[in-house]
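Trainee: whatever this is, show me its structure:
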Amino acid sequence: MDTLALIPLKVTAAKLDRSVTCVFENRHKFLVLLEEILKEESTELSGTVEIDGTYLLESSKGVTPENRKVRHRGEPSNFRGISHEQICIVTTTDGNEHEIFKAVSRAKPTIDIITSTFGNSITERSIIYSDGIDVYDELAVVTGSDIKHLYGHESYNKVEHLNTVNSIHSMIKNCIRQYRGVSTRYLNRYNALFVFMRRFMEMDDNEISELLIRKIKWFHCHITRKSLRKDHIFAV
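Mentor: Presented below is the predicted three-dimensional model:
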């Protein structure tokens, strides 16, 4: 529950009388579990599908970077615009609140990355709304869907818009800010968390606990301290 509430590790550790390392490892076991649950669900988006990307500055939190100088928290990139130090997170959502959030690449994703990541997740005859970037055009072809490019808010209406994914981007960035940054290698673990946070928005703590316990009780997933270092790691 502390993980879902974005409670800092040190606060949870003090409350449970455990070391920060212990709480960190168990929090990440929980995050990997959420990833595995989403993987088994094989989420499919249909009908009207919004898709768009947002960018976060690469973070080596907890590890000394090998390919660049150490950057202090809050310090901007040395490169202007969207560079190799920017990590692209693509978010998708449909009218039935089915959602997939994935860190996919450094800088702008390629057509191949988009089609391989989302090609099996959008059903035929859907309508894809994007912000005008042609990287999603091939995704429409692969999934047998139509695509409509929306060039700015002036092209939005009650049906055709990207308001939901834009609000998702704001949520993700606010959550990352509350964590005082998240290591890039763990981004997709946290993306799984953000999907569940969206699902639980209208629930109270008791409802969330009951739902999670019921879902986890019969779910088989083997996660060890050793596997945390190599599995479910984002690296490009």
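
Trainee: select the longest helix from the chain.
Mentor: Counting by DSSP state H, the longest helix found in the chain is helix 20-41.

Trainee: quick one: pLDDT of the spatially most central residue of the chain?
Mentor: The chain has Asn191 as the residue nearest its centroid, 2.6 Å off, counting by C-alpha atoms, centre = their mean. Each residue has a pLDDT score; the one for Asn191 is 96.

Trainee: look up the closest residue to it, ignoring the ones flanking it.
Mentor: With C-beta to C-beta, 6 or more residues apart in numbering as the criterion, Asn191 has its nearest non-adjacent residue at 4.1 Å, and that residue is Phe101. C-beta here means a position set from N, CA and C on the backbone, and glycine is covered the same way.

Trainee: for that neighbour, what are its contacts?
Mentor: Contact analysis of Phe101 by C-beta atoms under 8 Å, 6 or more residues apart in numbering lists 89-92, 168, 172, 191-192, 194-195.

Trainee: adding distance to Lys226 and secondary structure, write the residues you listed out as a markdown table.
Mentor: What follows is the contacts of Phe101, written out as a markdown table (distance: C-beta to C-beta, whole Å; DSSP: H, G, I helix; E, B strand; the rest coil):
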| residue | distance to Lys226 | secondary structure |
| --- | --- | --- |
| Ile89 | 27 | strand |
| Val90 | 30 | strand |
| Thr91 | 31 | strand |
| Thr92 | 33 | strand |
| Ile168 | 33 | helix |
| Ile172 | 29 | helix |
| Asn191 | 23 | helix |
| Ala192 | 20 | helix |
| Phe194 | 26 | helix |
| Val195 | 26 | helix |
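
Trainee: quick one: secondary structure of Ser59?
Mentor: coil (DSSP: H, G, I helix; E, B strand; the rest coil).

Trainee: how many residues are close by it?
Mentor: Counted with other C-beta atoms under 10 Å, residues neighbouring Ser59 total 21.
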